[in-house]
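**Student:** coordinates only, no sequence provided:
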């Protein structure tokens, strides 16, 4: 896989962050010891919907160690509402609810005390008088005319209803030889990191500065804090040198941050809030998409898919936030890896009395991929065609790239047929099929699942202006700075927190590659937000492309400066000089070494070429390679790069117990040039484990009374080593023509296709009974009940 | 979270004695598990304070109890609502007392409740057995009350 021209990119090098994590020497927000810190515990609502008649804080305030009890009424008078991505100004959200409770567990009041334990004790003594209100849990019910509106001021539960017609949908449907309809449902799961969200805020009245340390992964975090607190942008300083213990989208505790920031200013003391597991599960506002897909698809009898109509109805929970945009991102890959000529897409988002939805790995792409792949399996079953043959017939061919899909995005590169062939050869598909049939003959349910999916990467936010015309965002840049110090050391900066993506390894590797210096000798630092270049944080599978691009371009600028200095010193033109591992060489063999270049750059202005600045520093702010324009006619270029993954799974289970067992898991993965193979492998394996959770186990379940039934790991089931099999990864590399090294994103790999593949395998296993499964997660009980019902009916 | 509760208990007491016992705040305070205090706020309406501890889970509740549809000495409806550190609960139940012999009777009860908050979300698996346990405790103490009353009567 190593490119002969590259010394460090794609090579088998350790992930530098792993050393401190493995040694237990990470520095998380809870590890910070800031003197005088006060602690917050929250008063959670018990009802899913209620009017607040009064909050009695007397008893709590009189308790030991209690400093303050804050209610929504006071807080909302002092801060602006939290950011709402949509144009729904009457759907207002504050960290503590004001006047009305909108989901079970919602924060009603915050108790501040000298320790968390004392704050928790006092929170139990805050009396909240309420009057129950009608509530709604189900998205389709919420759409009904009689449904109680979660925000009465907004008038209905509908947050977003936008229909796009890309291409001649009606004509293609009329011309197609056959069609079918299906409905699939994606259950509400998330990423549920082991480290819950945590934040500390400190206000210094003499500097008029708010310092924030947080377990955060969020674009424009500092800006959002400043806006909510009505502070100038340069009065908020977010410290990025905090390790984040897992996120994959959900670590967006803006409500937590605004709450503690307000308290820190009010009380003149540092204030800290670290969620416990219950707070995190029920009211961390970190649950993922929950989506019903209704699909009509038109195709010919030879399997050619001509057109698709998809309606996606998403349950946003109690507030709008940024979650409805998760219906927008999949527009960039709405046809998956297939040539589908026209598409109608209707995106609907509704409020319900559930916890607020937040971004989860893939930002809506995994549910959409599950819907598309289930559709492909159904077409194959309908036509009596082989599932692989149907896919091969519709896949975009390698010679068709760059390929523009009906919704306006152009796929950069790919070779889907080859990846699939490599996986089938690796797995010995004929033998795998024979194995499935052998298991069936033994009386087991056995099935093969396949999924061919895309991972759009290099995140811009083009879906924002697409879904909200008031939004004019057309850049989602990322910056980096590289300096060579006066002793010749190289330092590269990252302007965000990281939650396990290995950005330090990434930045050091690409800068090392550009400068020809061992990456282990390069220092990586994280300045605070006020010392940082603009950036948009690690979202949208973008950092290999964006931070990698910015750091490489800054290093290249520095290399240009070094070449100019060296050439000047030897009296030659820079175009004649060559650069190799920090030494500039003239055609006649003369050379200027690193120490001399550094000495000139830092001390000898008189030896600098004219027009060259002293100091050996360079910055670069990388624009997303594509997606630079606003949408036109409902079409826009979304993410620049498209990674491909092909999953092949063999599952088996007993027809009565139905405990699914994955017998074989092979994934073919093409994310272009791999910067660090260990990071990509880790992402893929973790993503598959996450996908197994979404397919079989994980769900935030609410009962008919609006209560969350999965608040702890006893009930919210996470995949463990028992459920996650050994995974075989088959690599392929189709470089992107749009990025510095040909890299694409891989931060969402595995999760984007695993649920579709596993669902397909269960479906194949159930095929002898002629029943379909169409809702995730597929719990053991659902599978065994489905079989039992089918046997009873027969 | 919805819960149904129903059962029948044989009690060694006359229909009249059981009726009086079930309408006596002092008796109820002694027999309702964890009951600290019962204060009459209006006829047949009480404020109650409970301190419950079941296995590792404990907490305090404040609630209101109201008796209605009374047909002495045979039938009554009880409405309970409460909230506390662990969650909230509301419920109604019907009681019927049937004489089964001299000095014995049977109490039939059936009701339903709605549980919210932490108890519902985290306690769902144990909630039914906890309810059963608390009901058993109540009748155990109620029987003990009638035993003690008989002993006292025998002593005098």
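**Tutor:** Here it is on my side, so go on. Fair warning: this is a prediction, and the values are worked out from it, not measured in the lab. Residues are numbered from 1 along each chain as shown, chains lettered A, B, ... in the order given.

**Student:** where along the stretch 101-250 of chain A do the helices fall?
**Tutor:** A:116-123, A:139-143, A:169-175, A:221-229 (DSSP state H, counting those that start in this stretch).

**Student:** turn the ones you listed into CSV, columns for mean pLDDT and mean neighbour count.
**Tutor:** C-beta coordinates here come from the backbone N, C-alpha and C atoms, glycine included. Converted to CSV, those look like this (pLDDT from 0 to 100; neighbours: other Cβ atoms under 10 Å in any protein chain shown):
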stretch, mean pLDDT, mean neighbour count
helix A:116-123, 96, 20
helix A:139-143, 98, 18
helix A:169-175, 98, 16
helix A:221-229, 98, 21
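
**Student:** can you redo those helices as TSV with distance to chain B?
**Tutor:** Below are those laid out as TSV (distance: least, Cβ to the nearest Cβ, whole Å):
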stretch	distance to chain B
helix A:116-123	9
helix A:139-143	18
helix A:169-175	44
helix A:221-229	29
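
**Student:** chain center to stretch A:235-246: distance?
**Tutor:** On the basis of Cα atoms, centre = their mean, to the nearest Å, stretch A:235-246 is displaced by 18 Å from the centre of the chain it belongs to.

**Student:** swap in stretch A:615-631?
**Tutor:** 21 Å.

**Student:** that one: which residues count as buried?
**Tutor:** A:616-627, A:631 (16 or more other Cβ atoms under 10 Å in any protein chain shown).

**Student:** for it, give the mean pLDDT please.
**Tutor:** The predicted model assigns stretch A:615-631 a mean pLDDT of 94.

**Student:** ends of that stretch, what's the gap?
**Tutor:** Stretch A:615-631 has an end-to-end distance of 42 Å (Cα to Cα, to the nearest Å).

**Student:** now do the SS call for the residue in chain A positioned nearest to chain B.
**Tutor:** Chain B sits closest to residue A:46 of chain A, with a gap of 3.3 Å, by Cβ to the nearest Cβ. Three-state call for residue A:46 (DSSP: H, G, I helix; E, B strand; the rest coil): coil.

**Student:** that one: neighbour count?
**Tutor:** 27 (other Cβ atoms under 10 Å in any protein chain shown).

**Student:** so for chain B, the centremost residue is which one?
**Tutor:** residue B:32 (5.4 Å; Cα atoms, centre = their mean).

**Student:** can you list phi and psi of that one for me?
**Tutor:** According to degrees, to the nearest 10, the main-chain angles of residue B:32 amount to phi -70, psi 120.

**Student:** excluding chain neighbours, what is closest to it?
**Tutor:** residue B:138 (6.2 Å; Cβ to Cβ, 6 or more residues apart in numbering or on different chains).

**Student:** tell me the mean pLDDT over the host helix or strand of that neighbour?
**Tutor:** Taking DSSP states H and E as the definition, residue B:138 sits inside helix B:118-155. Mean pLDDT, helix B:118-155: 86.

**Student:** which helices and strands does that helix pack with?
**Tutor:** Where contact means 3 or more Cβ pairs under 8 Å, 6 or more residues apart in numbering or on different chains; DSSP states H and E, helix B:118-155 is packed against helix A:277-283, strand B:2-11, helix B:15-22, helix B:25-31, strand B:45-54, strand B:87-101.

**Student:** just these: most buried one?
**Tutor:** Comparing the helices and strands packed on helix B:118-155 by mean neighbour count (mean count of other Cβ atoms under 10 Å in any protein chain shown), helix A:277-283 comes out on top with a mean of 22.

**Student:** list the buried ones in the helix or strand following that helix?
**Tutor:** Along the chain past helix A:277-283, the next helix or strand (assigned with DSSP H and E) turns out to be strand A:291-299. Going by neighbour count (16+ other Cβ under 10 Å), the buried part of strand A:291-299 is A:291, A:292, A:293, A:295, A:296, A:297, A:298, A:299.

**Student:** now do stretch A:594-604
**Tutor:** A:594, A:596, A:597, A:598, A:600, A:601, A:602.

**Student:** distance between the ends of stretch A:276-293?
**Tutor:** Stretch A:276-293 end-to-end distance (Cα to Cα) = 34 Å.

**Student:** average pLDDT for it?
**Tutor:** In the prediction, stretch A:276-293 has an average pLDDT of 96.

**Student:** ditto for stretch A:230-240
**Tutor:** 98.

**Student:** what distance separates whichever helix in chain A runs longest from the centre of its chain?
**Tutor:** What stands out as the longest helix in chain A, according to DSSP state H, is helix A:543-570. Distance of helix A:543-570 from its chain centroid, counting by Cα atoms, centre = their mean, is 30 Å.

**Student:** same thing with stretch A:736-753?
**Tutor:** Taking mean C-alpha positions (Cα atoms, centre = their mean), stretch A:736-753 and its chain are 13 Å apart.

**Student:** what does stretch A:779-788 give?
**Tutor:** 31 Å.

**Student:** name the residues that touch that stretch?
**Tutor:** Outside stretch A:779-788, the residues that touch it by Cβ atoms under 8 Å, 6 or more residues apart in numbering or on different chains are A:445, A:653, A:655-660, A:696-697, A:762, A:766, A:769, A:771, A:773, A:775.

**Student:** now, those that are in strands?
**Tutor:** If you go by DSSP state E, those have A:445, A:653 in strands.

**Student:** out of the contacts of stretch A:779-788, which are close to chain B?
**Tutor:** With Cβ under 8 Å from any Cβ of the partner chain as the criterion, the contacts of stretch A:779-788 include none near chain B.

**Student:** ok, the contacts of stretch A:779-788 vs residue A:35, which is closest?
**Tutor:** Distances from residue A:35 to the contacts of stretch A:779-788, taken as Cβ to Cβ, are shortest for residue A:697 (43.0 Å).

**Student:** so what's the closest one closest to, chain neighbours aside?
**Tutor:** residue A:717 (3.9 Å).

**Student:** now do residue B:145
**Tutor:** Per Cβ to Cβ, 6+ apart, closest to residue B:145 is residue B:27, 5.8 Å.

**Student:** residue contacts, the one you found?
**Tutor:** B:21, B:142, B:145.

**Student:** against chain A, how distant is it?
**Tutor:** 29 Å (Cβ to the nearest Cβ, to the nearest Å).

**Student:** quick one: that residue from residue A:631, how far?
**Tutor:** 73 Å (Cβ to Cβ, to the nearest Å).

**Student:** cool, and residue A:314?
**Tutor:** For residue A:314, the distance to residue A:631 - Cβ to Cβ - is 20 Å.

**Student:** again with residue A:604
**Tutor:** 53 Å.

**Student:** what does residue A:666 give?
**Tutor:** Applying Cβ to Cβ to residue A:666 and residue A:631 gives a distance of 38 Å.
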